[in-house]
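Q: here is a sequence with its predicted model. Questions after.
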Amino acid sequence: MCGIAGYFGTGEIDEARVKTCLDLMRRRGPDFSAYKHWQNAAGRNAYLLSTRLSIIDLDPRSNQPFQVAPRWMVYNGELYNYLEIREELEKDGAAFRTKSDTEVLLNAIAKWGEAALERTEGMWAFAVYDEADGSLMLSRDRFGEKPLYIYRDSSGIYFGSEVKFITALLGRKLKVNIEQIYRYLVNGYKALYKKNRGIFFDGLTELPPATVLKIGADGVEDAKKYWRPQFAPNERMSYDEAVKGARERLVRAVELRLRADVPLAFCMSGGIDSNSLISVAKKILGYDVHGFTITNLDERYDEKELVKYAVAELGIHHTSVPVDTADFLPKLKTLVRQHDAPVYTITYFAHWLLMQSMAAQKYRISVSGTAADELFSGYYDHHLAYLAGIKNNSEIYPAALEAWARHIKPMVRNPLLGDPDLFVKNPDFRDHIFLDAPEFAKYLTRPWQEKFSEEIFTSDLLRNRMMNEMFYENIPIILHEDDLNAMYYSIENRSPYLDRELFEFCYRIPSSGHYFPDPYETLLLDALKGDQTFFNDTFLTPVLFTTTSVAIKLKSL
């Protein structure tokens with residue numbers, strides 16, 4: 001895990017700007033900093049900057065920029081299956097001088113080119129300069145866990161892990177994107193990442209997830225997607241196959257993300273998402289888990305009893321972090337400066353305090369439950385979309401409707417989501433997503449509105465909504481905030497639910513093939529009563545979300 005930045009173009013960057021940039025990058029990489037500069041045969045200059053947060057192979061031999069033959073890499077992220085890829089490369093004669101995942105990734109690229117990314121499981125944003133042909137390659141992971149901002153001017157392309165790194169290399173500030181400010185104020189955070197809009201500054205973009213951008217020695221760009229998510233349901237998949245397949249892949253996803261040479265902690269709530277990961281780590285993989293929980297005095301969000309129960313049942317270390325509002329405005333100002341943007345929701349002020357507590361106890365990695373809701377269905381409108389999908393199935397619809405009326409409806413506060421036939425009557429209904437936008441627009445000094453839009457991944461209503469949330473509406477926002485909060489305290493954030501194998505398997509599970517209310521309800525109710533089933537090594541709850549689309553969390557009961 002590191003901070004990266006760079007430039008590729010006809011201009012030259014003053015050394016003072018490079019130093020300023022490296023100084024700003026220090027929180028992302030407190031252990032080492034360096035840069036390299038080349039000029040290719042076509043007269044273009046390449047700059048690669050890196051600051052290192054040592055996670056795997058702590059020895060200085062793994063510092064960056066890192067060289068393998070003519071290629072040099074700066075790399076932010078982790079290649080979780082680096083041991084398996086290293087073994088494959090060694091069988092083909094590759095020799096390694098470090099124990100790092102960086103060297104493995106660069107060797108893989110040297111052998112297989114961009115096709116190497118098909119073999120990888122991890123999170124990354126990297127830049128590779130090839131001294132032999134004078135070209136640059138940029139890439140970002142499948143789900144966009146690691147950021148890579150891009151700014152182009154007439155001379156070339158600037159890139160970096162944070163906005164402030166680019167402005168440092170540019171030597172000037174960027175103009176604020178007023179349209180994006182209006183979008184945030186009126187439509188909210190779910191509108192920010194649609195259509196790869198210009199973030200909060202004019203001309204600034206992010207390299208899209210799952211993308212490789214190659215820039216030739218002459219500056220000609222070629223961008224390609226190396227992975228595309230799709231919903232390809234196997235209608236013949238049985239319930240037992242769905243349970244077994246999802247369980248195996250979730251366990252493997254956690255196992256891979258426990259690989260580290262530094263201490264690792266877990267973000268912990270009273271919900272199923274984080275407790276699933278902690279249960280796997282502790283009960284199946286034998287990891288000595290330390291969970292960190294934000295405690296809230298608002299009883300609507302108070303989960304202390306559920307957390308207390310989980311801590312005792314699992315036998316883990318635990319730290320409670322109370323929400324502290326002392327010096328709130330000065331702290332919020334600091335956080336806005338770190339994010340180079342408004343804080344998207346107040347939740348991330350609390351999350352920042354959680355990262356502070358982890359750092360104080362010398363942890364360098366946090367594991368979060370990000371994307372469980374979007375992968376396994378965890379929102380009220382998901383259940384309504386599911387009901388619409390099985391409306392004509394007389395075998396399973398009555399039980400699903402009864403479960404919604406008994407468990408979900410009493411908790412729904414959004415006035416637009418109280419009708420079980422909402423999406424039956426109007427499959428295109430989305431007013432609940434930009435709720436009260438016209439009212440917010442009244443506070444602006446000029447008229448502004450923007451209609452809701454979404455990408456079409458599949459004709460399946462439920463899965464299309466979930467994929468829009470995963471890739472445009474929810475997860476990009478969460479990852480943005482998670483990354484910047486964690487990096488402020490030099491912590492790497494890992495998200496096991498954002499695993500390619502897990503995602504692809506779950507998107508082969510049909511949305512409306514089965515409904516099993518009794519096992520689902522029994523599992524949750526037994527958990528509340530203290531039954532061992534909830535936390536033992538047959539933990540099945542996540543796949544029950546997928547196969548039944550029941551949008552209930554343990555903390556909701």
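A: Good, I have the coordinates.

Q: buried stuff in the helix or strand harbouring residue 105?
A: Assigning secondary structure by DSSP states H and E places residue 105 in helix 101-112. Of all the residues in helix 101-112, those buried under the rule 16 or more other C-beta atoms under 10 Å are 101, 102, 103, 104, 105, 106, 107, 108, 109, 110, 111. The way it works is simple: take the backbone N, C-alpha and C, and place the C-beta from them, glycine included.

Q: I'd like these as a markdown table, with distance to residue 405 and pLDDT appended.
A: Written out in a markdown table, the entries for these read as follows (distance: C-beta to C-beta, whole Å; pLDDT from 0 to 100):
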| residue | distance to residue 405 | pLDDT |
| --- | --- | --- |
| 101 | 50 | 97 |
| 102 | 54 | 97 |
| 103 | 57 | 98 |
| 104 | 53 | 98 |
| 105 | 51 | 98 |
| 106 | 56 | 98 |
| 107 | 57 | 98 |
| 108 | 52 | 98 |
| 109 | 54 | 97 |
| 110 | 59 | 96 |
| 111 | 57 | 96 |
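
Q: so which strand or helix has the closest residue in space to residue 468 that isn't next to it in sequence?
A: The spatially closest residue to residue 468, leaving aside those adjacent along the chain, is residue 454, at 4.7 Å (C-beta to C-beta, 6 or more residues apart in numbering). Assigned by DSSP H and E, residue 454 belongs to neither a helix nor a strand.

Q: quick one, what contacts residue 454?
A: Applying C-beta atoms under 8 Å, 6 or more residues apart in numbering, one finds that residue 454 lies in contact with 194, 430, 464, 465, 468, 472.

Q: where's it relative to residue 473, distance?
A: The gap separating residue 454 from residue 473 is 8 Å, by C-beta to C-beta, to the nearest Å.

Q: likewise residue 24?
A: 30 Å.

Q: contacts only, for residue 461.
A: Taking C-beta under 8 Å, 6+ apart, we find residue 461 in contact with 385, 388, 389, 423, 427.

Q: swap the cut-off to 6 Å and go again
A: Taking C-beta atoms under 6 Å, 6 or more residues apart in numbering as the contact definition, residue 461 lies against 385, 427.

Q: point out where the stretch 201-350 of the chain drops to low pLDDT.
A: For the stretch 201-350 of the chain, the stretches with pLDDT under 70 are 298-302.

Q: so where do the strands sit in it?
A: Counting by DSSP state E, counting those that start in this stretch, residue ranges of the strands within the stretch 201-350 of the chain are 204-206, 211-215, 221-225, 264-267, 290-295, 317-322.

Q: for the second one, name the packing helices and strands.
A: Right, the one you point to is strand 211-215. Using 3 or more C-beta pairs under 6 Å, 6 or more residues apart in numbering; DSSP states H and E as the contact criterion, the elements in contact with strand 211-215 are strand 135-140, strand 221-225.

Q: quick one: those strands as a markdown table, columns for distance to residue 78 and mean neighbour count too.
A: What follows is the helices and strands packed on strand 211-215, written out as a markdown table (distance: least, C-beta to C-beta, whole Å; neighbours: other C-beta atoms under 10 Å):
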| stretch | distance to residue 78 | mean neighbour count |
| --- | --- | --- |
| strand 135-140 | 14 | 24 |
| strand 221-225 | 22 | 12 |
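
Q: figure out which of these is closest to residue 337.
A: strand 135-140 (24.3 Å; C-beta to C-beta).

Q: contacts made by that closest one with the rest, please.
A: So strand 135-140 is in contact with 8, 125-129, 148, 207, 209, 211-217, going by C-beta under 6 Å, 6+ apart.

Q: ok, now stretch 468-480?
A: 144, 145, 189, 190, 193, 194, 344, 370, 371, 374, 454, 455.

Q: avg pLDDT for it?
A: Taken as a whole, stretch 468-480 has an average pLDDT of 96.

Q: quick check: domain ranges of the protein?
A: When the chain is parsed with automatic domain parsing, its domains come out as 2-225, 239-375+465-556, 381-460.

Q: of all these, which one comes closest to residue 233?
A: domain 239-375+465-556 (4.1 Å).
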